Structure formats: C-alpha cells, structure tokens
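[1] this is a predicted model, with the sequence first.
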Amino acid sequence: MKHPMKEFDLIGFALFGPAAIMLFLVLDFGGNRFAWNSPEVIGLFCGTGAMFAIWCFWNYRKGVSALIPFSMLGRQAVWSSCATIFIISGTVFVTAYYLPLYFQGVKAQTPFQSG
C-alpha cells in the first residue's frame, strides 16, 4: 500500500497557491488601493503569469499524478460542469449583489427598498 502523502502534489500546490493569491490580490488592489497602471498591480499581474506558467510546466511534467491533470480537462463532464456552475453562480451573484446596487444607484432607492 502506498503512503498517501506521496500521492499529493505538494510542489504543484506550492506553485498554484501563490499564483491564485496574487491573482486575488491584484483583483482586490486594482482600482481600489492602487491604480491599474501602478507598479504594484503590474508586478502582481506579472507574478501571477509567471507562477501560473511554472505551474503549467510542472503539471505537464508530473503527468497523471499532477495537481490538476491536463487529461482531466479534456473530459466533457468536467468542462460542462464548470460551465454550468459558472452560469448558476453568475445568476446568484447578479441577483444577490448587483441587482440591489442597480436599484440603489439607478433607481435612487434606499438600501432597504433595494433589498
């Protein structure tokens, strides 16, 4: 029996985790704390791209035992379920977050009325 810790792609996670965190930081900082053309935001974009490229190379090198195997992405069940959850979550976010903002900003209603 194989040891479960040897099955985990910890290096893949160590490459993917910072790439995701930098992407979330750049989406949070851009336009709020820093301008979109500031060195901080551009550096985070470049860091995200570099870490993601390194992760893709590592994923390709690791093959079937990678964090997210490329062979899995070609399956219809995987990409169709991703598209479905994207559409469903988009609907939820629009109705729960953006629709009340529309009523407050465009229709000039109070937060209580827009909810």
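    Now that the structure is in, tell me what you want to look at.
[2] when you work out contacts or count neighbours from here on, use the C-alpha atoms and nothing else.
    OK.
[3] which residues of the chain score low on pLDDT?
    1 (pLDDT under 70).
[4] grab the most central residue of it for me.
    Geometric centre of the chain, nearest residue: Ala20, 6.2 Å, by CA atoms, centre = their mean.
[5] before we move on, which element is it in?
    Here Ala20 sits within helix 10-29, counting by DSSP states H and E.
[6] can I get the following helix or strand past that helix as PDB, trimmed to CA atoms?
    As assigned by DSSP H and E, the chain's next helix or strand after helix 10-29 is helix 39-62. This file holds the C-alpha atoms of helix 39-62, laid out as PDB (Å, rounded to 0.1, in the frame of the first residue of the first chain):
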ATOM      1  CA  PRO A  39       3.900  49.100 -10.500                       C
ATOM      2  CA  GLU A  40       2.300  47.100  -7.700                       C
ATOM      3  CA  VAL A  41      -0.600  45.900  -9.800                       C
ATOM      4  CA  ILE A  42       1.500  45.300 -12.900                       C
ATOM      5  CA  GLY A  43       4.000  43.400 -10.800                       C
ATOM      6  CA  LEU A  44       1.300  41.200  -9.300                       C
ATOM      7  CA  PHE A  45      -0.100  40.500 -12.800                       C
ATOM      8  CA  CYS A  46       3.400  39.500 -14.000                       C
ATOM      9  CA  GLY A  47       4.000  37.400 -10.900                       C
ATOM     10  CA  THR A  48       0.700  35.600 -11.400                       C
ATOM     11  CA  GLY A  49       1.500  34.900 -15.000                       C
ATOM     12  CA  ALA A  50       5.000  33.600 -14.200                       C
ATOM     13  CA  MET A  51       3.800  31.400 -11.400                       C
ATOM     14  CA  PHE A  52       1.000  30.100 -13.500                       C
ATOM     15  CA  ALA A  53       3.400  29.300 -16.300                       C
ATOM     16  CA  ILE A  54       5.800  27.500 -14.000                       C
ATOM     17  CA  TRP A  55       2.800  25.600 -12.500                       C
ATOM     18  CA  CYS A  56       1.600  24.600 -16.100                       C
ATOM     19  CA  PHE A  57       5.100  23.300 -16.800                       C
ATOM     20  CA  TRP A  58       5.200  21.400 -13.600                       C
ATOM     21  CA  ASN A  59       1.700  20.000 -14.200                       C
ATOM     22  CA  TYR A  60       2.800  18.800 -17.700                       C
ATOM     23  CA  ARG A  61       6.000  17.200 -16.300                       C
ATOM     24  CA  LYS A  62       4.100  15.500 -13.500                       C
END
